[in-house]
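Q: 3D, please:
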Amino acid sequence: MTFNRAVAGFYLTALLAFAGGLRADSAASPEALEFFERKVRPLLAGSCYKCHGQKKQKGKLRLDRHEAILSGGDSGPAVVPGKPQESLLVRAVKYQDPELKMPPKQRLSADQVGILMRWIELGAPWPKEESGGPDRRAPGLAVTDKDRDWWAFRKVSETPVPAVRKADWVSNPVDNFILAKLESGGFEPAAPASRRELIRRVYFDLIGLPPTYKEVESFAADDSPGAFEGLIDRLLAQPQYGERWGRHWLDVVRFAQTNGYERDGEKPYAWRYRDYVIRSFNQDKPYNRFVLEQLAGDELDDANRDSIIATGFYRLGVWDDEPDDKRMAEFDGLDDMVVAIGASFMGLTMGCARCHDHMYDPIPQKDYYSFLAFLHNVRYYDKPKYDKSSSTYASIGNNEWALAVREHGASPKETKVLIRGNAATPGDLVKPAFPAVLGGGRVDLSARPSGKSSTGLRRELAEWVAGEENFLTARVMANRIWQHLFGRGIVRTPNDLGRRGLPPTHPELLDWLARDFIRGGWKIKRLQKLILLSSAYRMSSRVQQPGEALRKDPSNELFWRQNMKRLEAEAIRDSILAVGGGLNSEMGGRGFFPKLGREVIAAGSRPGWGWGVSNRKDQSRRSIYIYTKRGTLMPLIEGFDYTNTAQSLGMRTVTTIAPQALMLLNSSFLDWQAGVLAGRVLTEKGPDPAGHPTDFVRRAYRLILSRDADEDEVEKSLAFIRRQAEAFASRRVRSTFRPGVPDAIERGFKGTQKPSNFFEGPRDGWEYFRGRWYDAGDNIDWVDPQRRPFALHKTLRLADGELSAELSMRSNSEGASIYFRGGNKGDLYSGLELLLDPREDRIELRRHGKEKEPVVVKSSPLELNTGTWYRVRVVLAGPEVSAWVGQGSPGERNPSLRATVEKPAEPGDRVGLSSREAPVGLSSLVVRMAGKTTTAEISGKKWIAAAG
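A: Reported below is the predicted structural model:
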C-alpha cells in the first residue's frame, strides 16, 4: 500500500512532464459559432424576430443582436451565458411562467428548447459584430472574381522554394519556408532538441505511446546520419501508428457509436468504420482514395468490403429516433452530411448557408442546396434492420453487415431551396452543382450509368472533392498533418479556411506542402516523414534565453521554436497503461466498456442503458477502442477535453482545470494502474538488484519517464516515500465497501452486473448479493431502500456471543448497517441488522424475515457524525441483544441499545454489512463465540479470518 501510493505520486510527476501548462482560449470556438449559425440563428429568426427583431421590439427586447440579448428588455437580461436555468429566454420558451410564454401562438418543440439551452451552456457564442472582424456579405450577391481570390479559394500555386542566408540549417524545403520568414523578421531558430527529447516527441506524435528506457538510450547513443530517419520508418510501420492517427481522423468525422439525444441508442457496427480508418492509415492508403471511399465507396467500379464500410461516414452523426417533425429531421440529417463533408475534407462551414446566404464566405444559399442535391437521394437513417431493404445497413458478405449509405434508387430526388431552412417552405428547384466560388459546374445527369441502386451523384461529388483540381482538399489535409506535428496548424482554424477563420501564417509553405502531397501520390506517411526530417520539427521547445524572440512573437506564430504540446486524453491514458506494462495491444472489434462510477451512470435518462461490462484485460486496451457513447463519456477522457462528438472537431480545446489533477490522483483507474506499476517496480530488477529503496526509485523513473533520475530527484523521491510510509503507519488499515450502481437502473444493464458490482468491496473473504429491486416502468428497476445490496463474510459465524467492529461513514452517507445472526435467501438478507443512521441521529435494531419490509425491534437516539470512526460492539445471548456504539471503548458504559428479539423462523449465523448511498469504511471485524475468538483482518487487499 505504501509504495502503491508513492507510485501514484510518481505518476502525477510523469504526467505533468507530459503536460504543458496551457490555458483554454476564452473566445468561442469555431464549432460553437457554427452551432449558432446552423441551429440557433435560424431558430431565433423563424420564431422570434417578428416581434423582437430590427423592426419591432416588444417589451423593449431585441433578439437579433448579441449585446441586446445580454442587456435584455423590460424583464431583464434574456440570457445568462453558461446558465440556461437562470435565463429568462429558457423560462419563456419552456412556458414555466404563466405571464411569460414565448412564442405565444406556437410553443417550441423539446428539441428546439434543447438547442437554445445548449447554446446558452456553451456561453451563448455569437460571431463578432464589431468593426475589424470579417466583413459580412450583403444577401443575394453573386460570387465574384474578388471572392475567388481569397487565399484558400485560389488554385495551389507553383511556389518557388525561397533562398535563405543560413543554408546550413536547412534539411529540406520545409526549412527554407520557415527560415525565410524568421530571417525577414530578425529571428533565429531555436537550438535542436536533445536526442532524448526528440525520440519521446516523435514516439508520441506518431504512435501516441512513450519509448522505453532502452529505446531512448539506444537512440541517444546512435549518432549515425540515418538514425532518426530509421526511427521514423520503424514507427510508421507499427500498427499503433494507425491507432494514433486514426484517432485524429475520428475527431474530424464526428465518430461515435451511438445516436445521441435522450435515448442515445447504439449504431450497431459503427466500430467497423473505426477499424477501417485504422487500417487505411496503417496501409498508407492514398488520401484521395480514402476520400473517394468514404463519399462513394459503394458506387466505385472496384467497390469492395472496405469501401462499403467507409460509407459509414454518412451515418456517424446524431439522430433522433422520435423527432417532432420527421421531414425537418430528414433535412437535419442531410445538413449533417453537408456540414461534415465541408468541414472534414474542404475546411468550409457549409452549414452556415442552410437558412440564408453565408454571412462571411461566398457560399449563397442556392449553392448550399445545389451541393445537398448530390446527397438528397440518400435514405434517411433508420433503426437497425439487416436485410436488402435496410436504409442504414449493407451486406459485406458471410452474413456480416456494415453501417453504410443506402439510396432510394437510381433516380435522383428533386431538391428545392428551403426558405429559412424550413422543410415546410420549399422554394426554387436546384440541380446538383459544385460551389461557384470553387469553379462551379453542374453534373450531366444523362451520362450517369443505368441499372444501379444509386444515382451515381455521390461518386461525381467524391471525384470532384478528391480531384487534383480541388486545391482545398489537399490544403486542408496538409494543414491537419502539420497541426498534429507542431501543435497547431499553419491555419489555426483547421475546419474553417474561409473568411471567418484565421489566415495562414505561412501561406506559401502550405501551398508547397499541398502540391507536394498531390505529386507524392497523396501519401500521408510520405508527407509526415518529410516534415519530421525537417530541422524545424527537430527544434527544441525550450526558450533558453527569453528575449527579443519571445517579446516579438510570444505565441510562436513564425515557428521559431517547437510548440510545447499537452498530450491528449487518449495518449495520457495509453501511456499510463504502457508504463505499467499492462497495455493490451489487441486491435479492432466493438470496443470495451470502462468501469463507470454510479454517479456517472445515474446521470443518464435511463441509467446504464446501452452500457456494458468488460473485464480488466479488455479495459487495458488502447483508448481508441473505448465504446464511444455520446451521452456517457469516460470521465478521464472527457476531463481532458474530448467533449464534442456531435460535429466535426478540427482541433480540441486545451483546458487546465482542478478536476484533471484530482483525476490523476484519485480516480479508480489511476488507483488500479498505480498498483499495477508498483507491482512491476517491485518485481523487475533495476540498476541495484539488492532491492534498496533507491533502486525502486530509479526503476520507477526509467519506466515512467524513460530516463535516469538525478541525485536530487532520488533524494526527494525517497523523502516522499518516507513521508508516505509514516502516514500509512499512523493510518487505520481499512477496506471500503460502497454501492456500485445507482438506485435506479435500466433492466438490461442490471442483468449484465455481477452481485459484486451492486455492492463493491474486497473480493477475497466476502460474498455479495443484489438485494431487492422492483419494476418502476419504462424498463427501469429501482432498489428497495430497505433491502439494499449487501455483503456477507464467507467464514465468520455468530449465533450467541459477541461481535465487535470499527466503521466510518462518508459525508453523504444515509446510513450503514452491520448484519449478524443472518444469512441469505437468494439475493435477500434474512436475519438481524444494526443500522447507524446519521441523518436521524439514531441506531436501530431491525429484523429481516418473511415480512415485506424489515421489522424495527428497537430504536435509540444517538448522535452520529459522518467521517468519524465508531467502535461497535454487539452481544447476543439468546433473545437478548445489547449494542454499544461510540468512539471510546464499547465496554465501559451502558449499552446504546438493548432489546429482546425473537429469533428468525430460519435462524442464520453469518456476519456482514451494507451501506446507503455512500461508502462505508471497515477497519476490523472480530467474533467471539464459545470461548473462541475469530478475527477478520485485512492483509493487502484480502480479508483473512484468523482464529485465536
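Q: from now on I want contacts and neighbour counts done on CA atoms only, so please keep to that.
A: Will do.
Q: and residue 273, what does it touch?
A: 309, 310, 312, 313, 403 (Cα atoms under 8 Å, 6 or more residues apart in numbering).
Q: got CSV for these, with neighbour count, pLDDT and secondary structure too?
A: Below are the contacts of residue 273 laid out as CSV (neighbours: other Cα atoms under 10 Å; pLDDT from 0 to 100; DSSP: H, G, I helix; E, B strand; the rest coil):
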residue, neighbour count, pLDDT, secondary structure
309, 31, 98, helix
310, 30, 98, helix
312, 30, 97, helix
313, 24, 98, helix
403, 27, 94, strand
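Q: please produce JSON lines containing these, extended by distance to residue 711.
A: Converted to JSON lines, the contacts of residue 273 look like this (distance: Cα to Cα, whole Å):
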{"residue": "309", "distance to residue 711": "55"}
{"residue": "310", "distance to residue 711": "54"}
{"residue": "312", "distance to residue 711": "55"}
{"residue": "313", "distance to residue 711": "53"}
{"residue": "403", "distance to residue 711": "57"}
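Q: for the residues you listed, which one is nearest residue 288?
A: residue 310 (13.2 Å; Cα to Cα).
Q: burial count for the nearest residue to the closest one once chain neighbours are set aside?
A: Counting by Cα to Cα, 6 or more residues apart in numbering, residue 310 lies nearest to residue 294, which is 4.5 Å off, once chain neighbours are set aside. Residue 294: 24 surrounding residues under other Cα atoms under 10 Å.
Q: what does residue 562 give?
A: Close neighbours of residue 562, defined as other Cα under 10 Å, add up to 23.
Q: please renumber the chain so that the first residue is 33 from this point on.
A: Right, with 33 as the first residue, what we last looked at is residue 594.
Q: tell me how far it lies from residue 576.
A: For residue 594, the distance to residue 576 (Cα to Cα, to the nearest Å) stands at 12 Å.
Q: packing partners for the strand or helix carrying residue 325?
A: Using DSSP states H and E, residue 325 sits in helix 319-328. When contacts are defined as 3 or more Cα pairs under 8 Å, 6 or more residues apart in numbering; DSSP states H and E, helix 319-328 sits against helix 337-342, helix 489-497.
Q: among the ones you listed, which comes closest to residue 847?
A: Among the helices and strands packed on helix 319-328, helix 337-342 comes nearest to residue 847, with 52.6 Å by Cα to Cα.
Q: related to what we said a few turns ago, which residues does the residue nearest to residue 342 contact?
A: Taking Cα under 8 Å, 6+ apart, we find residue 326 in contact with 339, 342, 343, 344, 345, 346.
Q: what do you get for residue 951?
A: By Cα under 8 Å, 6+ apart, the contact set of residue 951 is 768, 769, 770, 771, 841, 842, 845.
Q: rerun that using 6 Å as the cut-off
A: Residue 951 is in contact with 769, 770, 842, counting by Cα atoms under 6 Å, 6 or more residues apart in numbering.
Q: what about residue 461, which SS state?
A: With DSSP: H, G, I helix; E, B strand; the rest coil as the basis, residue 461 sits in strand.
Q: separation between residue 253 and residue 246?
A: For residue 253, the distance to residue 246 - Cα to Cα - is 11 Å.
Q: re earlier: make TSV out of the contacts of residue 951 and add neighbour count.
A: Formatted as TSV, the contacts of residue 951 follow (neighbours: other Cα atoms under 10 Å):
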residue	neighbour count
769	20
770	22
842	18
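Q: adding distance to residue 286 and pLDDT, write those out as a markdown table.
A: Below are those laid out as a markdown table (distance: Cα to Cα, whole Å; pLDDT from 0 to 100):
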| residue | distance to residue 286 | pLDDT |
| --- | --- | --- |
| 769 | 39 | 95 |
| 770 | 36 | 95 |
| 842 | 40 | 92 |
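Q: now, which of those residues sits nearest residue 275?
A: residue 770 (36.0 Å).
Q: my read: that closest one touches residue 792, true?
A: Yes - taking Cα atoms under 6 Å as the definition, residue 770 is a contact partner of residue 792 at 5.2 Å.
Q: mind giving me the domain split of the protein?
A: The chain breaks down into these domains under automatic domain parsing: 34-55+604-762, 62-153, 199-272+504-584, 318-499, 767-979.
Q: what does the pLDDT read for the residue nearest to residue 342?
A: Looking at residue 326, its pLDDT reads 99.
Q: measure residue 601 to residue 673 for me?
A: For residue 601, the distance to residue 673 (Cα to Cα) stands at 7 Å.
Q: do residue 640 as well
A: From residue 640 across to residue 673, the span is 23 Å (Cα to Cα).
Q: equivalent analysis for residue 776, please.
A: With distances taken as Cα to Cα, residue 776 is found 29 Å from residue 673.
Q: which one of the two has more residues nearby?
A: Taking other Cα under 10 Å, residue 776 and residue 673 do not tie; residue 776 has more neighbours (21 against 16).
Q: show me the helices in the stretch 583-732 of the chain, by range?
A: Remark: helices assigned in the stretch 583-732 of the chain by DSSP state H, counting those that start in this stretch are 601-612, 630-634, 648-651, 667-671, 690-698, 700-715, 725-737.
Q: for residue 405, find the nearest of these.
A: For residue 405, the closest of the helices of the stretch 583-732 of the chain is helix 667-671, at 36.4 Å, according to Cα to Cα.
Q: got the contact list for the closest one?
A: For helix 667-671, the surrounding residues in contact (Cα under 6 Å, 6+ apart) are residue 601.
Q: now stretch 118-135
A: With Cα under 6 Å, 6+ apart, stretch 118-135 has contacts from 110, 111, 112.
Q: buried set for it?
A: Residues of stretch 118-135 classed as buried: 119, 120, 121, 122, 123, 124, 125, 126, 127, 132, 133, 134 (neighbour count, 16 or more other Cα atoms under 10 Å).
Q: and stretch 608-625, by the same measure?
A: If you call a residue buried by 16+ other Cα under 10 Å, then stretch 608-625 has these buried ones: 608-616, 620, 622-625.
Q: and it, end to end?
A: 18 Å.
Q: next one: stretch 612-623
A: 21 Å.
Q: so how far is it off the chain centroid?
A: From the chain centre to the centre of stretch 612-623 is a distance of 18 Å (Cα atoms, centre = their mean, to the nearest Å).
Q: helix, strand or coil for the closest residue to residue 209 other than its chain neighbours?
A: Excluding the flanking residues, the one nearest residue 209 by Cα to Cα, 6+ apart is residue 541, at 5.8 Å. Following three-state DSSP, residue 541 is assigned to helix.
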